[in-house]
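In: Below is the sequence, then the predicted model.
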Amino acid sequence: MHSTLSSYSILLCLYALLAGLFLAPTKASAYALPGAPSCHSPCTTHWDYYFKVSGGSRRSALSRGSALSAAPPLVTPGQAKALYRAKLLVKQGHFPWATELYSSTLRSLASPKTAPLNTEALATASLLKALCLQRYAPASDVRNVYKSFFRTMRTNSIPVLPPDCTSPSCPAPGEPLPPSVARLVQSGALYESKQRGQESRARLLARKAVEMDPGLGGLLRWGVFAEAA
């Protein structure tokens, strides 16, 4: 009798194990977008972080449904991992090491081999690098991040208003840009607002950020930007 019960117990345990392996969805499966890796907890953490800092792109990607098959991959597993590792280095105060990781990620994103250009990821990595540099680097290094982003966009024939453009004849943006681009411009506005003698540039950037993403309108009601409203 005991032997029979023991056999049933073993069979039930095996059945439960197999059911869990083949039927229960894993957390990582929720991120099974085209171009996204199929992996377990550590990799899922990298993607969770990327989706968070890029401005909710996973939600918008999922809403496009079948259109995803024609869309370029978000970022590679290596790029997502590099951005996450850089965040950890920033938290530990290792800013130059984090900057190098951001720089290598940006180089891979801007490489002609990764065409078409992933504007969302490029803006996200640029934003993270700029915020890191603001902690320890001179203003010229911080500004070079923004200039490099707009230079890459122009090289790829994507019309975006560069931060130094103050003329009424500046080119207007073309196709709607990802939210991460507006957030990058917003960060530039906030940074310049803290630099002596750069109030005009800060207001210009604030206006352009709001033009790209009206959801950032509250920026124009804050401090030095109020005059730009």
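Out: On my side now, so go ahead. Numbers count the residues shown, from 1 in each chain.
In: in this structure, which spans are strands?
Out: Read by DSSP state E, the chain holds no strands at all.
In: So what's the residue count around Ser54?
Out: Neighbours of Ser54 under the rule other Cβ atoms under 10 Å: 24. In this view, the C-beta of every residue, glycine as well, is placed from N, C-alpha and C.
In: correction: Thr119
Out: By the criterion of other Cβ under 10 Å, Thr119 has 21 neighbours.
In: Kindly report the same for the one 4 residues further on.
Out: Other residues within reach of Ala123 by the criterion other Cβ under 10 Å amount to 25.
In: in this structure, which spans are helices?
Out: For the chain, the helices defined by DSSP state H cover 2-22, 41-53, 57-63, 77-91, 95-110, 119-133, 139-155, 179-193, 199-212.
In: Which secondary structure elements does the last one sit against?
Out: The contact analysis (3 or more Cβ pairs under 8 Å, 6 or more residues apart in numbering; DSSP states H and E) places helix 199-212 against helix 179-193.
In: Going by contacts, tell me the helices and strands next to the helix it packs on.
Out: Secondary elements touching helix 179-193 (3+ Cβ pairs under 8 Å, 6+ apart): helix 119-133, helix 139-155, helix 199-212.
In: Out of those, the one nearest Ser187 is which?
Out: Nearest to Ser187 among the helices and strands packed on helix 179-193 is helix 119-133 (5.6 Å), distances taken as Cβ to Cβ.
In: Could you list the alpha-carbon positions for the closest one in PDB?
Out: The C-alpha coordinates for helix 119-133 follow below in PDB (Å, rounded to 0.1, in the frame of the first residue of the first chain):
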ATOM      1  CA  THR A 119      16.700  56.300 -33.300                       C
ATOM      2  CA  GLU A 120      15.000  55.300 -30.000                       C
ATOM      3  CA  ALA A 121      18.000  53.300 -28.700                       C
ATOM      4  CA  LEU A 122      20.500  55.900 -29.900                       C
ATOM      5  CA  ALA A 123      18.600  58.700 -28.100                       C
ATOM      6  CA  THR A 124      18.300  56.500 -24.900                       C
ATOM      7  CA  ALA A 125      22.000  55.700 -24.800                       C
ATOM      8  CA  SER A 126      22.900  59.300 -25.500                       C
ATOM      9  CA  LEU A 127      20.700  60.500 -22.700                       C
ATOM     10  CA  LEU A 128      22.200  58.000 -20.200                       C
ATOM     11  CA  LYS A 129      25.700  59.000 -21.200                       C
ATOM     12  CA  ALA A 130      25.000  62.700 -21.000                       C
ATOM     13  CA  LEU A 131      23.500  62.300 -17.500                       C
ATOM     14  CA  CYS A 132      26.600  60.300 -16.400                       C
ATOM     15  CA  LEU A 133      29.000  62.900 -17.800                       C
END
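In: mean confidence score for it?
Out: If you average the pLDDT over helix 119-133, you get 95.
In: Can you list the neighbours in contact with stretch 217-229?
Out: Gln186, Ala189, Ser193, Glu199, Ala202, Arg203, Leu204, Ala206, Arg207, Ala209, Val210 (Cβ atoms under 8 Å, 6 or more residues apart in numbering).
In: again, 6 Å this time
Out: The set of residues external to stretch 217-229 that reach it, using Cβ atoms under 6 Å, 6 or more residues apart in numbering, is Ser193, Glu199, Arg203, Ala206, Arg207, Val210.
In: Give the closest residue to Ser180 in space, chain neighbours not counted.
Out: Computed as Cβ to Cβ, 6 or more residues apart in numbering, the closest residue to Ser180 that is not its neighbour in sequence is Ala123, at 4.0 Å.
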